[in-house]
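Novice: Have a look at this fold, sequence not included:
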Ligand SMILES: O=c1ccn([C@H]2C[C@H](O)[C@@H](COP(=O)(O)OP(=O)(O)OP(=O)(O)O)O2)c(=O)[nH]1
Ligand SMILES: [Mg+2]
């Protein structure tokens, strides 16, 4: 790139609006990672209930990119709304309507969503396509097979362990 050339613009992603009255995925602020997706239908979710909701859009992501469908934190904090398979994976070759598998995690209150409400956010990322080759043994590492809390637990359990040791 010569110094006079303008910086490359954002990655172009073709979007098909399956429902002309609904918006394209849109970033709320410049620099946001997630572009909001809306529900194309009214949805009522009883406590613990889930529903696969259409968003009114289909994409053609370029090869080498994936769309990840994440929950929105505001709806999660205020109402307990989340996504069962979070983050949902939108493959580059997928041409169908993007759908979101919403779930109401609140134990008492139903969630009422209206067509056009922003219910999820799409993060587009590059991914690596790897070649898996079988081996007899894996190379050593510092972590080894440690996991599932091997480096320590919650502050409360640390306090509890300290109390037990001190008693
Ligand atoms: O939240 C999601 C997850 C997936 N999809 C679409 C796009 C994705 O490319 C396709 C398949 O998704 P995934 O691979 O997660 O589902 P699967 O159960 O493995 O189905 P398949 O056998 O079709 O791959 O479904 C959505 O619209 N929303
Ligand atoms: Mg799959």
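Specialist: Right, received. Where do you want to start? Please read all numbers here as calculations on a predicted model, not as lab measurements. Numbers count the residues shown, from 1 in each chain. Ligands and ions are numbered 1, 2, ... in the order given.

Novice: how many other residues sit next to residue 64?
Specialist: Counted with other C-beta atoms under 10 Å, the neighbours of residue 64 add up to 11. Every residue, glycine included, has its C-beta placed from N, CA and C.

Novice: do you know how far it is from ligand 1?
Specialist: 15 Å (C-beta to the nearest ligand atom, to the nearest Å).

Novice: Repeat that for residue 148.
Specialist: Applying C-beta to the nearest ligand atom, the value for residue 148 to ligand 1 is 25 Å.

Novice: Burial check on that residue, number of neighbours?
Specialist: Neighbours of residue 148 (other C-beta under 10 Å): 6.

Novice: can you check the one 4 residues further on too?
Specialist: The local packing count at residue 152 equals 9, with neighbours defined by other C-beta under 10 Å.

Novice: repeat for residue 11
Specialist: If we define neighbours as other C-beta under 10 Å, then residue 11 has 10 of them.

Novice: Now whatever residue of the chain ends up closest to ligand 1. Nearest residue, chain neighbours left out?
Specialist: The minimum distance from the chain to ligand 1, using C-beta to the nearest ligand atom, falls at residue 88 (2.1 Å). Excluding the flanking residues, the one nearest residue 88 by C-beta to C-beta, 6 or more residues apart in numbering is residue 69, at 3.5 Å.

Novice: My guess is residue 42 contacts residue 111. True?
Specialist: No - using C-beta atoms under 8 Å, residue 42 is not in contact with residue 111, being 11.4 Å away.

Novice: Neighbour count: those two, which is higher?
Specialist: Neighbour comparison, residue 42 and residue 111: the larger count goes to residue 111, with 22 against 12 (by other C-beta under 10 Å).

Novice: quick one, phi/psi of residue 77?
Specialist: Here is the backbone geometry of residue 77 (degrees, to the nearest 10): phi -70, psi -40.

Novice: same question, residue 45
Specialist: phi -120, psi 120.

Novice: what's across from the most centrally placed residue in the chain in the sheet?
Specialist: Centroid-nearest residue in the chain, with C-alpha atoms, centre = their mean: residue 70, separated by 2.1 Å. In this entry, residue 70 is beta-bridged to residue 121, by DSSP bridges.
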